Each structure stands twice: as C-alpha cells, then as structure tokens.
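1. Please work out how this folds:
(chains A and B)
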Amino acid sequence: MSAYVLRRGLQAVVVLLGVSVIVFALVHVVPGDPIRVALGTRFDPDTYAALRERAGFDRPLVVQYVTWLGSALTGDLGVSFRSGQPVATTLLARLPATVALAVAALVVALVVAVPLGIVSALRSGSVWDHLASAFSQVGISVPDFWLAILLILLFSLTLGWLPSTGYVPLTEDPWQWLRHLVLPATAVGVVSGSVITRFVRSSVLESLSEDYTRTARAKGLREAVVVNRHVLRTALVPVVTVTGLQLAYLLGGVIIVEAIFAWPGLGRLAYQAVQARDYPVLQGAVLLFAVIFLLVNFLVDLLYAWLDPRITYS
Amino acid sequence: MSVAVAPQQPLVAEHRPRWREVLGVLLRNPLAVAAIVFLLLLLAAAVFGDALAPHDPTAASVRDRLQPPSTAHPFGTDELGRDIFSRVLVAASVSLQVGIIAVGIALTAGVTLGLLAGFYGGRSDDVIMRLMDMVFAFPAILLAIAVLAILGPGVRNAMIAIGIVFTPIFARVTRSRVLSVREEVYVRAARSIGASDLRLLATHVLPNVLAPIIVQASISLAFAILQEAALSFLGLGTQPPDPSWGRMLSEGRGFIQLAWWMAVFPGLAILLTVMSFNFLGDGLRDALDPRRAKALEGSRA
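-> Below you'll find the predicted structure:
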C-alpha cells in the first residue's frame, strides 16, 4: 500500500509541476506588457515601475519561474495588481465560501441521488426508474446558471421564501447562512446529483447480477438482507470515487453560479480577476483550483484502494 | 449530355452492413430518434435562420419592448423590442458552429495524440498522457476563462479555448482503445508483411478505434454547447449585437422580474440542444457497443 501511495504521490507531484509551468506561462503569453495592460487607463509611471520591479519582469524567464515557484511554495503568490493586497491572503479569505457551497451542493446531490439511484435499480422499469432516468437526463443537460435564474425567479421573486443573492458567514448568523446557501447549492447540486444517480443505478444493477448476490438469494436470505448486506455494500464503493470527483468538480466549477448569487467565493474572485486583468490573482486562483483538484483526486484514489479489497497496490 | 457511370464497388464493403446495422439499432431507440429530429430542425434553423425568422433578430423597436409571448411574438420581446423567437432561432447557428468547430479541434488534436501515445507506448506515451493530465487538472470552465483572458474574448477564441479543454478526453478515449487494438491479429499481420507505421495507423488502427470516439464526440458536443453558453453568459464568448443563447440569458437575467420570457426561452433552447446531443451519444453507445454488435452478428449468422 505504501508503495502505491508513493507512486501516486510522485505522479501527482509531476503533474503539479507541469501545472505550475502552465499557470506561470499564463501571464507571460499575454500579448504585450501584462502590467501595462492591467493598469490600462489608470497608468502612472511610478505604480508601473513598482509593479514591474515586484514582478521581476526584467530577469530571464527561467529565473522568473524558479523564483515564482519558490515563493509560491512558501505561500507567497505575489500581490494583486488592483488592490495591492497579497494574493494568498485574498484567496484564503474566499476559500470558506467556496468550500461551503461545494459541500452543501454535494449534500443536495447525495440526498437526491443515492435513494433515487438505489430505488430505480431495485425496481428497474418502475415509475421510480423512469423518474430517476428523467431526472438524470435533464440534470446533466441543464445549464446550472439557467437553473440558478429559474430558482431565483420561483423561490425569491415569486414566493419570497429565500434571499436571491448574497452571503452571510456561518459564525455571524447560522440561520441566515443556511437560507443564503440553499438556492446556489441546489443549482449546482442538481447537476452533480444527476451524474451520481446514473452511477448509483448502474452500480447497483451490476451488483444485483453478481454471483455473490445469487448465492445469497440461493441460501434463502431475506431480500432485505441480500440488498443491505450484499448488494449495497459492494455497489456503493465505486460511488465513493464518483462522489469525490464531483466534489473536485464542484470546488472548481461553480464560477458562474457564484457570480449570479454574488457569492464571495474563489470562482467569483477568478472571474473578477479576468475582468480586471488582475493576472497575479487569476494565476493564484487557477493554481489553487488545480492543487485542490489534484489533491481531492489523489485522496479519492487512496480511499478507493482502501475500500475495495480487490484492488492491488503494485 | 450525361454520361452513364457504373456504380463503383466500395473498397471496404465489409464495413457497410455494420454501419447500416448501427443506424438500424439507433433508429429503434425513440429517444435517439427524437434527438436526431430535433438536431435536424436545429441545423435547419442554423442554416436558414435568417430566412426562417419571422422578424429581424437585431431590429430594435421601442414600441414593442418587453412584450409577453403572443401570436406575433411567440417567445415575447426583449428590452429593445427585438423578437426573442427570431433571436433564439438565429443564435442556433453560433452555438452549433462553436460546438462543432471546438469539438473538431479537440478531436483532431486528441485523437492524434491518443493514437501516438497508445501505438508507440513507452516514453512518448508517458509524456503525452502526463501532459493531458496537466490540462485535465484544471476545472474546464476555469481553463477556458483563463485561455480567453489571454487570447481576448470572442467567438473564435472561445472555440479554441473549448477545443483545448476537451482535447485530453479524446486522447484518453483513443489511447485506451488503441492499447487493445494494436495487439490484434490483423495489426500484427499487417506489420509482419512490412506495412509502415502510418499505414498501420490509418488503415488498421484508426478505423477500429472510431466507435468510442464517435460516442465521445456526441457527448462532447453537448458539453461544448454548454461551455459556449457559459462563456457568452460571462461576456467572453459571442459579442453583441450577434445573438447567442448564453448572452440572451445574461441579458434576460437583469429583467427577470419584468419579463421572465427573456431568460426562460434561451435557456430552454440550450437545455433541449444539450439533451439531444446526450441522447444521441447514449443511443450511439448502445448501437456501437461491441457486446451488442456481437449479439447482432450472432443473430445474423
């Protein structure tokens, strides 16, 4: 197991290094002088010289990359062209909102998907099965930003049950935090939920046709015991993988929904950085997203290997 | 004067019945048929949109602004009095174009890389696939946004950005099929009689790895159209005054309390198009499934 962990860890490090090169290159392939572009009409020679000096644009590219990577590893991602604040601080301040949204969306997804997937597999061809199939087909095709607008139209503007935008920190007022979280989490959770529903269904169906299930039935176990102890236990192992992947997707894929709900997360920050041409912030956000994605994937792989005894680590 | 030409014998006659069977299976799947019908209608809208549109999609008319759906304007009008139905119709062409070209880019690059990685293996495989992992490590929409931050907004750049984002999936799908196909008897036989690598790849490997690539292309078209809508929604894709579904949605969002139809109909167009490509992809997968194909061969024998 430890050799497997080491090998996967090394692979992740290699990919991460490559990712850092891509992220570094982001700023350097911008046509023209990125600082001049970023400053735009607010150009003044002093600010320009100071930012250029800080960014070290006069030195050779390789030196710049190594310096940048070195600083990044110690948590220094430079300063924002716009606010002058350290990028790392800005990113960290936005992280809780994004994590809260992603986790809440995953909860919405699992609450819908797991029961629906299981029932549709156990009662294949029933109304539930058709319902699950319709849900997953629509869910996988619906633009989450459109769903977000429809949810706002229905639950905020028409019924007035929930706030349409904004964010309240959990520490300030848990009830308001939850109320603000429901609509954005539903908008993104439905998409993940539809993916997981399909997966749970096919996984349970597969497990139902396995020999061990037939054996369990043949030795006269009650159906509930067969389903609980034999079918679901094995069927839900691969679901862990897809759930982990969905979490990684949710942590990085909620940019537009964050923008619509004025949610102060990383996605909205990245989008604002693009609009403001604030390259250090964009660079930092993209790097952080990639690191989170790789880390979650790595953990999911390990968890999967640990859960499924059939997987060998060699 | 017309010249009578004898019908040419197809060179790969043995492939024909199989494709006809694939089509047969596909056409027995009601969801796939519905999807094909919808996509053909959409294609007609994309090609003849300007002629089919009942109103000029860019003509503003202050008198008609924010009209709810009626017989004159089935999808209502927007804040400038433009007919939303005409705009949705004409925008189909942008969505389809971006989708098809972006997937074309991803398919060409990804399949080439996947063929090389799978066929040669070893170090080239390692380098190519690790590169693909790196691109895969970025959330799709964020990578597209970052590429557009560099290239600048616009439809053409959106196609390139989406093309880059979707390249790794084609490389992975192709490579994994090539790994099994390259060990097949017919490939080894062709190699033993001295066929060049290029010939092996073009005539023996590629045709036999096409099935999963076709399925992936259909599914990727669905996601490419979603991505284009998302990028246009953010103002990075299609630029005004050209109508695009994503842009119309973001414009409609500002008037949601006054005119729900402005945001509802463009979103519905996206949903139906994406769903159709997904249905088509699912239908193709069932029709091209090797196990199913074997069953068909068995029933034919």
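
2. Quick one: residues contacting residue B:275.
-> A:137, A:138, A:141, B:35, B:222 (CB atoms under 8 Å, 6 or more residues apart in numbering or on different chains). Heads up, the C-betas are built off the backbone N, CA and C, glycines and all.

3. ignore the last one, residue B:279
-> Counting by CB under 8 Å, 6+ apart, residue B:279 touches A:137, B:31, B:32, B:34, B:35.

4. any idea how far residue B:24 is from it?
-> 17 Å (CB to CB, to the nearest Å).

5. Determine the number of other residues adjacent to residue 69.
-> Looking at chain A here, since you left the chain open. Neighbour count for residue A:69, taken as other CB atoms under 10 Å in any protein chain shown: 14.

6. try chain B instead
-> As a burial measure, residue B:69 scores 17 neighbours (other CB under 10 Å).

7. before we move on, what about residue A:158?
-> Neighbour count for residue A:158, taken as other CB under 10 Å: 11.

8. What's the mean pLDDT across the helix or strand hosting residue B:270?
-> Taking DSSP states H and E as the definition, residue B:270 sits inside helix B:261-288. Averaged across helix B:261-288, pLDDT comes to 90.

9. Name the residues of that helix that are buried.
-> B:261-267, B:269-271, B:273-288 (16 or more other CB atoms under 10 Å in any protein chain shown).

10. tell me, what residue is most central in the chain?
-> Since you didn't name a chain, this refers to chain A. Centroid-nearest residue in chain A, with CA atoms, centre = their mean: residue A:251, separated by 2.2 Å.

11. let's do chain B instead
-> residue B:221 (2.2 Å).

12. Could you find the closest non-adjacent residue to the residue in the stretch 51-200 of chain A positioned nearest to chain B?
-> Here the stretch 51-200 of chain A gets closest to chain B at one residue, residue A:146, 3.5 Å apart by CB to the nearest CB. In space, residue A:146 comes closest to residue B:267 once its chain neighbours are excluded; the distance is 3.5 Å by CB to CB, 6 or more residues apart in numbering or on different chains.

13. In this structure residue A:265 contacts residue A:105, no?
-> No - judged on CB atoms under 8 Å, residue A:265 makes no contact with residue A:105 at a distance of 11.6 Å.

14. Just want to know which of the two has more residues nearby.
-> Set side by side, residue A:265 and residue A:105 show more neighbours around residue A:105, with 30 against 25, by other CB under 10 Å.

15. Inside helices: which ones of the contacts of residue B:275?
-> Cross-referencing the contacts of residue B:275 against helices under DSSP state H gives A:137, A:138, A:141, B:35, B:222.

16. looking at it, the fourth one is touching residue B:276, isn't it?
-> Put plainly, it is residue B:35. Yes - counting by CB under 8 Å, residue B:35 touches residue B:276, with 3.9 Å between them.

17. ok so, going back, shared neighbours of residue A:265 and residue A:105, anything?
-> Between them, residue A:265 and residue A:105 share the contacting residues residue A:254, judged by CB under 8 Å, 6+ apart.

18. Contact residues of the stretch 101-250 of chain B facing chain A?
-> Within the stretch 101-250 of chain B, the residues that sit near chain A (CB under 8 Å from any CB of the partner chain) are B:130-131, B:133-135, B:137-143, B:145-146, B:148-150, B:222, B:226, B:229-230, B:233-234, B:236, B:249.

19. Would you write a ChimeraX line that selects the buried entries of the residues you listed?
-> Selection of the buried residues among those in ChimeraX, burial being defined by 16+ other CB under 10 Å:
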select /B:131,133,134,135,137,138,139,140,141,142,143,145,146,148,149,150,222,226,229,230,233,234,236,249
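
20. coming back round to it: of the contacts of residue B:275, which is the nearest to residue B:104?
-> residue B:222 (15.0 Å; CB to CB).

21. Do I have it right that the closest one meets residue B:271?
-> No - counting by CB under 8 Å, residue B:222 stays clear of residue B:271, with 10.6 Å between them.

22. How far off centre is stretch B:113-132?
-> 25 Å (CA atoms, centre = their mean, to the nearest Å).

23. Only alpha carbons, please: show it as PDB.
-> Extracted C-alpha coordinates of stretch B:113-132, given in PDB (Å, rounded to 0.1, in the frame of the first residue of the first chain):
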ATOM      1  CA  LEU B 113      -2.100  12.400 -29.500                       C
ATOM      2  CA  GLY B 114      -4.000   9.300 -28.300                       C
ATOM      3  CA  LEU B 115      -3.000   7.300 -31.400                       C
ATOM      4  CA  LEU B 116       0.600   8.200 -31.000                       C
ATOM      5  CA  ALA B 117       0.600   7.500 -27.200                       C
ATOM      6  CA  GLY B 118      -1.200   4.200 -27.500                       C
ATOM      7  CA  PHE B 119       0.600   3.000 -30.600                       C
ATOM      8  CA  TYR B 120       4.200   3.800 -29.700                       C
ATOM      9  CA  GLY B 121       3.800   3.400 -25.900                       C
ATOM     10  CA  GLY B 122       6.900   3.900 -23.800                       C
ATOM     11  CA  ARG B 123       8.300   7.300 -23.300                       C
ATOM     12  CA  SER B 124       6.000   9.100 -25.800                       C
ATOM     13  CA  ASP B 125       3.000   7.600 -24.100                       C
ATOM     14  CA  ASP B 126       4.300   8.900 -20.700                       C
ATOM     15  CA  VAL B 127       5.000  12.400 -22.000                       C
ATOM     16  CA  ILE B 128       1.700  12.800 -23.900                       C
ATOM     17  CA  MET B 129      -0.500  11.400 -21.200                       C
ATOM     18  CA  ARG B 130       1.100  13.300 -18.400                       C
ATOM     19  CA  LEU B 131       0.600  16.500 -20.500                       C
ATOM     20  CA  MET B 132      -3.000  15.500 -20.900                       C
END
